[in-house]
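**Student:** Starting from these lines, generate the structure:
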Amino acid sequence: MKVERIKELIQSCNVNFLIGSGLSRPYLNTLGDIENWLTELNKENDSPQKEIIRASVYAKYFTDVIKPNLQSEIDDDIVGYYDDVLGFYRQFLIFWNDIIVRRSSRLHNKQINVFSTNIDLFVERAAEKTGIELNDGFKGRINPVFDEGNFQKSYTKTSTHYQNTSEIPVFNLLKLHGSIDWKIIEKDTKQISHDSLLENVQKADKGLESIKKNSLIEIDSKDTLASMITKTNALSAIDINAIQPFTDSYDELVVINPTKQKFKDTVLDLHFYELMRIYSNVLEKENSLLFVMGFSFADEHIAKITIRVADSNPTLLIIIFSFSDNEKNKFEEYLKLNNGKSKNNNILNVTPSNFIET
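**Tutor:** Here you go, the predicted model:
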């Protein structure tokens, strides 16, 4: 597809983004095999060994993806990576804000929906640095509360002299898997408030630090469930109580854990279910455009919704940007495409070499 054609589509379409963990690299690691590990582990019978492995996997996920979001963890060794990634997000917001401001079409509102499976805070911090309008679903100043209805709002600005009203570009950030700065107000009401100090993350960090050495197993990318079981059996002692300070505090984080059973979790939690419904409804709109970046569609739930809408809405166009040429086959596998095509042939996979050639 020619770049000029993409420009035309941006002018006439409802613009949406689906972003994943690939966009926060190299500062934050991607999930790797964590999802497969936890999915396989869920099939095992309950046992102390199973709990040790689960806690060890969560500890790795916490250390690689969650803990680095604490400002105190951004030390001199990794500050360069942090600044680079934050700079990329800032450029992304500035670039698209400028496009929406200049867009000539008045048939579409000046909103961009950013659906993210990331639980980090890069988009929020980038928006704060740039001063660009960001709607993260929270309303309130002292004790902000999350409400999906806030994503239906538009923002306008009125001139001082002539009272002319114009719409302000705004980015709607819909975090499909929750966020590390969310916290439950009351478990019975399922209300979510904003945890600006990341108190739950700090609590989980202290819980992890309190675990005695050799209470958990070391996990690397080459591990399998079988090798983790072997490591667990080699521990001098298996003490479930020793890991409880971490697991209890980790469970308070309002995030969907990386397992293939996400749909069951989202149905149980009204907020996650509603965000997935919004994702589906937005793509069902006529002349919708979805850019996919840093997301592999390994998440079966999102992949199923995406391909279903693509097959039912011929006016929807999905443009997937692959990090490398070799990833093209993975996307086709996860989306279950026939000969690389959807029913309406409205899914385009742009690899680096394709993009350069066009």
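**Student:** Pop out the phi and psi values for the residue most central in space within the chain.
**Tutor:** When CA atoms, centre = their mean is applied to the chain, the residue found nearest the centroid is residue 117 (1.7 Å). Residue 117 has phi and psi values of phi -90, psi 0 when expressed as degrees, to the nearest 10.
**Student:** mind listing what it touches?
**Tutor:** With contacts defined as CB atoms under 8 Å, 6 or more residues apart in numbering, residue 117 is in contact with 19-21, 175-177, 295, 299, 302. For glycine as for every other residue, the C-beta is placed from the backbone atoms N, C-alpha and C.
**Student:** Just those residues: which are in helices?
**Tutor:** residue 302 (DSSP state H).
**Student:** any idea which of the contacts of residue 117 has the most stuff around it?
**Tutor:** Neighbour counts for the contacts of residue 117 were taken using other CB atoms under 10 Å; the highest belongs to residue 175, which has 28 neighbours.
**Student:** got a list of what that residue touches?
**Tutor:** Applying CB under 8 Å, 6+ apart, the residues near residue 175 are 116-119, 136, 275.
**Student:** Format the residues you listed as CSV; extra columns: pLDDT, secondary structure and distance to residue 128.
**Tutor:** What follows is the contacts of residue 175, written out as CSV (pLDDT from 0 to 100; DSSP: H, G, I helix; E, B strand; the rest coil; distance: CB to CB, whole Å):
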residue, pLDDT, secondary structure, distance to residue 128
116, 96, strand, 16
117, 92, coil, 21
118, 93, coil, 16
119, 93, coil, 18
136, 94, coil, 11
275, 92, helix, 22
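**Student:** Quick one: buried ones out of these?
**Tutor:** The neighbour-count test (16 or more other CB atoms under 10 Å) marks 116-119, 136, 275 as buried among those.
**Student:** could you dump the contacts of residue 175 to CSV with distance to residue 290?
**Tutor:** Formatted as CSV, the contacts of residue 175 follow (distance: CB to CB, whole Å):
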residue, distance to residue 290
116, 13
117, 14
118, 17
119, 21
136, 20
275, 15
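**Student:** what's the farthest-apart pair in those residues?
**Tutor:** Spatially, the most separated pair among these is 117 and 136, at 15.0 Å (CB to CB).
**Student:** Now do the helices in the stretch 201-350 of the chain.
**Tutor:** 225-233, 240-250, 262-268, 270-283, 300-312, 328-334 (DSSP state H, counting those that start in this stretch).
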